[in-house]
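Enquirer: One predicted model, sequence on top.
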Amino acid sequence: MAPFPNVSALVEPAGPLLRLIDWLQKRFFPEALDDVTARWVACAIIIVVAVLLRRVVAAIIFSPLKRVSRNARNKLIVPSLEAPTATLLMLCGLIAAISVVPLWETLPNAVWLGERGALTAVVLWGVACVGGAMIDNFAQGARVRSLQIAAFLPLIKKTLAAFFAVFSVLVILESLGFEVKTFLTGLGIGGLAFALAAQDTIANMFGSFVVLMDQPFYVGEYIRVAGFEGTVEEIGLRSTRLRTVQRTQVVIPNKTVASEVITNLTRIPQRRVEMTLGVAYDTPPERLQAVLADVRAILTSDAGVHKSQTLASFADFSDASLRIQVIYHTADPDWDAHMVVRERINFAIMRAFAARGVSFAFPSSVIHLDNPIVQQIIGQAKGGA
């Protein structure tokens, strides 16, 4: 640790303040207060003034500034500086209050360390607030313009915040007199051991950057990955969180997300519907042709059906029915809208079948008893009855 400066040099900036307190004590309270008591009273008064000044900053200075900044391009910067500025003024008042009491002379090193560390931390806090406000402002604009990067800005903000936190700790340590260069050299030696011990964590972080760069999905989209389906709630540095249809939350490590096949169900242009209708075998061919024409007309006329591919065809003969194959795509990929169209088409097909007098087939079996021995047994049974 670097040597501390001369205590007298640290007290010197408060010299005018000390002289003012001594003058006031001798001028107005020569009998009631001694020098030490006067300084402690002055310390309390300075703290009260600092608290009031903090409120003044919030109420008088920043209130009009925030109203003016609402029309600015980056309207979040001024509100983000309110708390750090008020804290800085409060801290300066505390430093001034401590500098006039004997505590400064009793614990010079501790007071000096606290002052340097606290001031550095508050300044770095202000820088972090401004940076976060700029990212948030950009995120709002990106969402308004529907930019793809908008979904990943929370992840970018978290990453930058993590790096800035490490940087801030190093700066604070440097301000306190620690040899940060030696510490960084030691990190280089222990970096390999740390990397080996944190392989999964590092792999998950790289996975998050792969997701960020490749953009296979965004927050709010419905995906299938690693055997799970759900809506993406959050893309973090370590994991991606899905909300399933059962309302459970699934946390998947990003290294798994980066290495697995991802099916993005939100980005499909249309949803495909494929179904097979069974018609009774006693249906005349003319009625079957007529009902097929009705089904094709239903698919063609419905506004919710995409016209790129519609199919209604007499496919084949099954064991218990004549099979009609129906294929179409709903124009809106949204699941709720898809189900509305699908239900409407199903009801229309049912009404068309009923209008043509065509019956849906159901699983059935026909047993032919034309064997002579079986007929003899049946005849004997009837005769005995």
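Expert: Received it, and whenever you're ready, just let me know what you need. Residues are numbered from 1 along each chain as shown.
Enquirer: after the longest strand seen in the chain comes which helix or strand?
Expert: For the chain, the strand with the greatest residue count under DSSP state E is strand 305-317. Downstream of strand 305-317, the next assigned helix or strand under DSSP states H and E is strand 322-330.
Enquirer: Report the buried residues of that next one.
Expert: For strand 322-330, burial by neighbour count (16 or more other C-beta atoms under 10 Å) applies to Leu322, Arg323, Ile324, Val326, Tyr328, His329, Thr330. Heads up, the C-betas are built off the backbone N, CA and C, glycines and all.
Enquirer: Show me which of those residues is closest to Thr248.
Expert: Thr330 (27.7 Å; C-beta to C-beta).
Enquirer: Check the secondary structure at Phe178 for me.
Expert: coil (DSSP: H, G, I helix; E, B strand; the rest coil).
Enquirer: Could you check how far it is from Leu299?
Expert: 75 Å (C-beta to C-beta, to the nearest Å).
Enquirer: What of Val78?
Expert: For Val78, the distance to Leu299 - C-beta to C-beta - is 58 Å.
Enquirer: And Arg267, by the same measure?
Expert: Distance, Arg267 to Leu299, using C-beta to C-beta: 24 Å.
Enquirer: Same question for Asp336.
Expert: Distance from Asp336 to Leu299, by C-beta to C-beta: 20 Å.
Enquirer: more neighbours, those two?
Expert: Leu299 (22 against 7; other C-beta atoms under 10 Å).
Enquirer: Leaving out chain neighbours, which residue sits closest to the more buried one?
Expert: Thr310 (4.2 Å; C-beta to C-beta, 6 or more residues apart in numbering).
Enquirer: all helices for the stretch 251-385 of the chain, in order.
Expert: Per DSSP state H, counting those that start in this stretch, the stretch 251-385 of the chain carries helices over the ranges 254-259, 285-301, 335-356, 372-384.
Enquirer: a markdown table please, covering the ones you listed and showing distance to Gln246 and mean pLDDT.
Expert: Listed next are those as a markdown table, based on distance: least, C-beta to C-beta, whole Å; pLDDT from 0 to 100:
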| stretch | distance to Gln246 | mean pLDDT |
| --- | --- | --- |
| helix 254-259 | 20 | 89 |
| helix 285-301 | 33 | 95 |
| helix 335-356 | 15 | 94 |
| helix 372-384 | 55 | 68 |
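Enquirer: Give me the most central residue, this protein.
Expert: Glu234 (3.4 Å; C-alpha atoms, centre = their mean).
Enquirer: residues touching Phe360, list them.
Expert: Residues counted as contacts of Phe360 (C-beta atoms under 8 Å, 6 or more residues apart in numbering) are Leu277, Gly278, Val279, Ala280, Phe353.
Enquirer: Across the sheet, point out what pairs with it.
Expert: Val279 (DSSP bridges).
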